[in-house]
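> Sequence and predicted structure are below.
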Amino acid sequence: MDINILQILLIMIITFIAAIDQFSFLESLYQPIVMGPVVGLILGDLTTGLIIGGSYQLMMIGSMPVGGAQPPNAVIGGIMATVFAITLGLDDPQAALGLSIPFAFLGQYSVILVFTITSPLMSKADKYAEEADTAGIERLNYFTMAMIGLFFALVVFFGLVLGQEIGTKMQEFLPEWVWTGLGTAGGMMRFVGFAVLMKVMLSKEYWGFYFAGFALANIIAPSLGGQALALIAILGLAIALYDYQTNVRMKELTEGGSGDGI
């Protein structure tokens, strides 16, 4: 599938916005689960955009920046994975997750470069703050946002123009078993990403809920298919709500107060 100029411009625009959102707006527009469907809609394949966006979201969900250390960028990686999955017409769209990793690294380097460039500007921001120069502080913020957005848009432009050609040549020369391996690895990365998140966040007292959910998914899913996931999610929400209300009630009793006067 060839990408026309209008599609390239639209994808660059949403990349520019997503890059700014990741560090400034913080509205979660930059998340792959949002960007995937948007890119898929632009390229005329919303379904594949949803699949790749959700898969990439799970793959990167446990990757968090720590100080100046940046993980491979999920914005560029998710966008390029969706582009590759749609334009190359892969039998297994999950194989596109592996193809997008080099561009995710370029996004990572772009972030580090922007942070390096803007570090000396912090003294300028301090000076503006001392002088109560709000206009100067705004200019610095707009400059930084424009720079990160431009860098991301250029990486995606490079991927759209040259990445598709490289991917097409790879399709011609690489044997089928390589693509099968990429698809398998891409499918596994969703679980690896979620496992990383669980290792960081899961408390020992909640292991029971995890195993109960796993058991329910294996019992219900074969008969109900995709509907089972929604039912299990609703059940999990009900348990979480009950647990929250119980903890709030216990806290009120411990503190010696009661909301209903009893």
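Here it is on my side, so go on. Numbering: from 1, shown residues only.
> can we go C-alpha only for contacts and neighbour counts from here?
Will do.
> Just to be sure, Ile3 is in a strand?
No: looking at Ile3 with DSSP: H, G, I helix; E, B strand; the rest coil, it is coil, so not inside a strand.
> Report the separation between it and Leu29.
Noted for Ile3: a distance of 23 Å to Leu29, by CA to CA, to the nearest Å.
> same question, Thr82
Taking CA to CA, one finds Thr82 at 16 Å from Leu29.
> Compare these two (neighbour count), which wins?
Neighbours per residue (other CA atoms under 10 Å) separate Thr82 from Leu29, with Thr82 holding more: 33 against 18.
> Tell me if I'm right that that one and Gly53 touch.
Yes: with contacts counted by CA atoms under 8 Å, Thr82 reaches Gly53, the gap being 7.1 Å.
> Need the residues touching each of those two.
Gly36 (CA atoms under 8 Å, 6 or more residues apart in numbering).
> Need phi/psi at Gly44.
Main-chain torsions, Gly44, degrees, to the nearest 10: phi 80, psi 20.
> Pull the number of nearby residues for it.
Other residues within reach of Gly44, judged by other CA under 10 Å, total 14.
> Kindly provide the distance from Leu41 to Thr47.
Leu41 is 9 Å from Thr47, by CA to CA.
> for Asn218, same thing?
With CA to CA as the criterion, Asn218 and Thr47 are 25 Å apart.
> Give me the more crowded residue out of those two.
Thr47 (14 against 11).
> which SSE is the more buried one in?
helix 46-60 (DSSP states H and E).
> helices or strands next to the next helix or strand after that helix in the packing?
Counting by DSSP H and E, the element after helix 46-60 in chain order, helix or strand, is helix 74-87. Helices and strands touching helix 74-87, by 3 or more CA pairs under 8 Å, 6 or more residues apart in numbering; DSSP states H and E, are helix 5-20, helix 32-43, helix 46-60, helix 95-118, helix 134-158, helix 164-173.
> quick one: which of these is nearest Gly213?
Closest to Gly213 of those is helix 46-60 (CA to CA; 17.5 Å).
> Between helix 74-87 and that closest one, find me the angle.
140 degrees (axes from the mean of the first three to the mean of the last three CA atoms, to 10 degrees).
> so who does Leu216 touch?
Per CA under 8 Å, 6+ apart, neighbours of Leu216: Ile232.
> Send me the helix or strand hosting it as CSV with only the CA atoms.
Using DSSP H and E, Leu216 sits in helix 207-224. This file holds the C-alpha atoms of helix 207-224, laid out as CSV (Å, rounded to 0.1, in the frame of the first residue of the first chain):
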residue,chain,number,x,y,z
TRP,A,207,-2.1,-12.3,44.1
GLY,A,208,-5.4,-14.1,44.8
PHE,A,209,-7.3,-11.7,42.6
TYR,A,210,-4.8,-12.3,39.8
PHE,A,211,-5.1,-16.0,39.9
ALA,A,212,-8.9,-15.8,40.2
GLY,A,213,-9.0,-13.6,37.1
PHE,A,214,-6.7,-16.0,35.2
ALA,A,215,-8.9,-18.9,36.1
LEU,A,216,-12.1,-17.1,35.1
ALA,A,217,-10.6,-16.1,31.7
ASN,A,218,-9.7,-19.7,30.9
ILE,A,219,-13.1,-21.0,32.0
ILE,A,220,-15.3,-18.4,30.5
ALA,A,221,-13.4,-17.3,27.4
PRO,A,222,-13.7,-20.5,25.4
SER,A,223,-17.5,-20.3,25.5
LEU,A,224,-18.0,-16.5,25.2
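> Many thanks, have a good one.
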